[in-house]
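Trainee: following is a predicted model, sequence given first.
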Amino acid sequence: MAVSPQSPQSPQSAPPCEPRVPPQAQSPQAALPRPSSASPGSPESFPGRPHLTELRLSAFATHRGAGFPLGPLTLFAGPSGCGKTSALRAYEALARLGGGGEVGEVFPDPVACVPDRARPDAQRRRGFRIGCTADGPEGPVRLDVAVQAEPELRIVGERLTSGGLVLLETALRDPTRRSVQAAWHTAGSSPVTRAPLPDDRLGTALLPLRVAGKTDGQRQVLAAAEQMVVALRSVFACDPAPERMRAPVPIGDGRLLRDCANLADVLWRTRSECGRRHAQLVTAVRTGCAGAVADVLAEPLGDGLVRAVLDRGDRARTGFERLGDGELRYAALALVLLTGPGVLEVDPPGEVPAAMQTLTVLADGLDRALDVRQRAELLRLAARMCERGHIRLVGAVSDASWADRIEGVTVVHLVP
């Protein structure tokens, strides 16, 4: 089907984004619904912390008309090719756009995001649409974004809604200009304010710089936009690469990279910063690694280099270069779950108190290289950390049957 200005699948059609994705329109993907009641200690029990409750892939890669529930701990499960990685990629893209990222940096290969078999229209235009819902003090706030991938990459439509009220809407009116026409709710002497916004950034993230907040309507717009941006910004996409974790690394700023290659540098920093969390890490690693584990530490080698080692007790140490892939991935993911934004390579909203923020970890291939014991222990650790409300986890696994017995896990089953 062509993605054209006249088609409902078009990123340039008016309205630019469908306001609702019916839950029954999820074929060929099928999601298990999340329980409606919030368990004690879950982020839903803390309405002051903005967090995402739904990811919508209206037209993105292999997905069409899909809406996925997001709980404190969510697993996308299914065989290769079912769209797990693309779902996480869309989530990360929304997060980067919410943080003010430029669309060309967020989508380095935008054509790969265009729905399968989507044909260009008469003007050779193709695109994709993604969206999400963020809950918090303002209640559910929906964001839908339409992106043109060809012939030029640009955001051509955006809609921010709350309680059925459209707070912000943008649309591309003149393809020759690098801007979109935006209209946001004012509810003053004029019901809306109209102005151009750049087509390379998310309008919702720019609203605090454009809206004065003088009327009740403007203040509602600002509050909803802030809730969405805060819910999106604190995201850490993590996929530990064992082949990069075995070599010594230079001592740096101690902020963990997404491939966890600098794990030794992070251990050098965190072991002395928080004894309680380090003790929890040692306990977790002891459970997931073979042999005795008395401590997990970074050992200086000279020339500003450190290597990660397991202290086996009785003065025996095992360097991480001798550990298996599963042990390395397990240790890295456990560290991610037990630490915070100050140790991870993320950009949290500094203007928001830490108590109001929720860090979301995106873990593609969460079960990759892990044995049965390791993946079960890792998920139990994740469930405990997510229950506290400061962290959420969205992971992709090939099979989630082993997770059914662990309380607090939302499983989204995908099929090719």
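Mentor: Here it is on my side, so go on. Numbering: from 1, shown residues only.
Trainee: looks to me like A59 is in a helix.
Mentor: No: under DSSP: H, G, I helix; E, B strand; the rest coil, A59 falls outside any helix and is assigned strand.
Trainee: report the beta-bridge partners for it.
Mentor: Listed beta-bridge partners, A59: R64, R129 (assigned using DSSP bridges).
Trainee: make 301 the starting number, not 1.
Mentor: Yes, from this point I'll number from 301; that puts the last item at A359.
Trainee: just checking, it touches R426?
Mentor: No: using CB atoms under 8 Å, A359 is not in contact with R426; the gap is 10.0 Å. Yep, even glycine has a C-beta here, placed from its N, CA and C like the rest.
Trainee: which one's more surrounded, these two?
Mentor: Set side by side, A359 and R426 show more neighbours around A359, with 27 against 24, by other CB atoms under 10 Å.
Trainee: measure the more buried one to G427 for me?
Mentor: Distance, A359 to G427, by CB to CB, to the nearest Å: 8 Å.
Trainee: residue contacts, A590?
Mentor: By CB atoms under 8 Å, 6 or more residues apart in numbering, the residues touching A590 are E627.
Trainee: please apply the same query to the one 4 residues further on.
Mentor: Counting by CB under 8 Å, 6+ apart, A594 touches 582, 611-613.
Trainee: A696: how many residues sit nearby?
Mentor: Neighbours of A696 under the rule other CB under 10 Å: 27.
Trainee: so what does the biggest helix by length in the chain touch, helix or strand wise?
Mentor: Secondary structure of the chain per DSSP state H: the longest helix is helix 516-533. Packed against helix 516-533, as judged by 3 or more CB pairs under 8 Å, 6 or more residues apart in numbering; DSSP states H and E, are the following elements: strand 351-360, helix 384-398, strand 426-435, strand 441-450, strand 454-462, strand 465-471, strand 479-485, helix 503-510.
Trainee: run the chain-centre distance for that helix.
Mentor: With CA atoms, centre = their mean, to the nearest Å as the basis, helix 516-533 stands 18 Å off its chain's centre.
Trainee: buried set for that helix?
Mentor: 517-518, 520-533 (16 or more other CB atoms under 10 Å).
Trainee: how much space between the residue of the chain positioned farthest from its centre and L563?
Mentor: Largest separation from the mean C-alpha position in the chain: D614, at 42.4 Å (CA atoms, centre = their mean). D614 sits at a distance of 24 Å from L563 (criterion: CB to CB).
Trainee: related to what we said a few turns ago, next SSE after the longest helix of the chain?
Mentor: Downstream of helix 516-533, the next assigned helix or strand under DSSP states H and E is strand 535-538.
Trainee: touching that next one from outside, list them.
Mentor: 388, 391-392, 395-396, 558, 560, 632-633, 636, 641, 644-646, 659-664.
Trainee: what are the buried residues along that strand?
Mentor: Neighbour count says strand 535-538 has 535-538 buried, by 16+ other CB under 10 Å.
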